[in-house]
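[1] Quick one: sequence plus predicted model below, questions after.
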Amino acid sequence: MQKTVLITGASSGIGYELCKRFAQNNHNIVLVARNKEKLDTIAKELSSTHDIQTHVFTHDLTDDDAPQKLYAEIKENNITIDILVNNAGFGLYGKFTETNLAKELDMIKINISALTELTKLFLPDMISKKSGKVLNIASTAAFQPGPGMAVYYASKAFVLHFSEALGEELKNTGVSVTTLCPGPTRTGFEKAAELRFPKTMKVMNADEVAYVGYRGLIKNKRVVIPGFRNKLLAFANRLAPRNVATKITGWIQNN
């Protein structure tokens, strides 16, 4: 029996690559993003290439009522969500005193509020059937403060800590929570965040990240960090004094 996965931010980057990865493994896909034209094209591509069903729902997750509307539409269409992937999110580069407040509040809505509300809405159904998975996309930014992207780093720390705590709460329920923490990845993130990755930084491809994330989810891993260097840096940040980790991150971020 085919399972159905809902993926936010499905129109590009890691979200799009996750759509392809799930489709290759015989999952029906519910695609959610703002751009209906792109979603329709992807849905047609996936359903014509694989023997799966696709559903498109267009929502801007900065709208306060978007998660509730999406959940209601899923119910109205009699779609059962077996796997929830909270992938939608973005960042913004710059000193906090100089960055755009409206963009940062929208970032908090998508990276934190929408993720939390969607998880809250879909979890009870998974728990009632004692089966389900949640994949929350955080970042290696979650492991330390980030001068130059203060709100973004803080939002991803929330995702990591929230997901780890939730995973422990759901132990023995049949529902698992996995947090995917990619490092720098070739997506539209860099342009949207108004930054450039340093030349010395190892940048992964979105399909690589999606592959590692999918495998970790299927294995019910709590935290998945793609790439050896990213794993090493995340571990090192946990050992380093907080002020040292913050200074190093700020230097890397601004050079």
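    Great, that's in hand.

[2] Tell me which stretches of the protein form strands.
    4-8, 28-33, 54-58, 83-86, 132-137, 175-180, 185-186, 204-205, 223-224 (DSSP state E).

[3] any idea which of those strands scores lowest on pLDDT?
    Lowest mean pLDDT within the strands of the chain: strand 185-186, at a mean of 88.

[4] Give me the contacts around that strand.
    13-14, 203-206, 209 (CB atoms under 8 Å, 6 or more residues apart in numbering). All C-beta spots, glycine's among them, are computed from the backbone N, C-alpha and C.

[5] Tell me the most packed of these, by neighbour count.
    Across the contacts of strand 185-186, the neighbour count under other CB atoms under 10 Å reaches its highest value at I14, namely 30 neighbours.

[6] now the chain, which segments are flagged as low pLDDT?
    189-201, 238-255 (pLDDT under 70).

[7] which residue ranges form the helices in it?
    13-24, 36-49, 66-76, 101-108, 115-128, 150-169, 189-193, 206-218, 228-239, 242-253 (DSSP state H).

[8] closest to Y93 out of those?
    Nearest of those to Y93, taken as CB to CB: helix 189-193 at 5.0 Å.

[9] Which positions within stretch 49-59 qualify as buried?
    50, 52, 54-59 (16 or more other CB atoms under 10 Å).

[10] Dump the residues you listed to JSON lines, plus distance to L105.
    Below are the buried residues of stretch 49-59 laid out as JSON lines (distance: CB to CB, whole Å):
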{"residue": "H50", "distance to L105": "38"}
{"residue": "I52", "distance to L105": "37"}
{"residue": "T54", "distance to L105": "32"}
{"residue": "H55", "distance to L105": "30"}
{"residue": "V56", "distance to L105": "27"}
{"residue": "F57", "distance to L105": "24"}
{"residue": "T58", "distance to L105": "22"}
{"residue": "H59", "distance to L105": "18"}
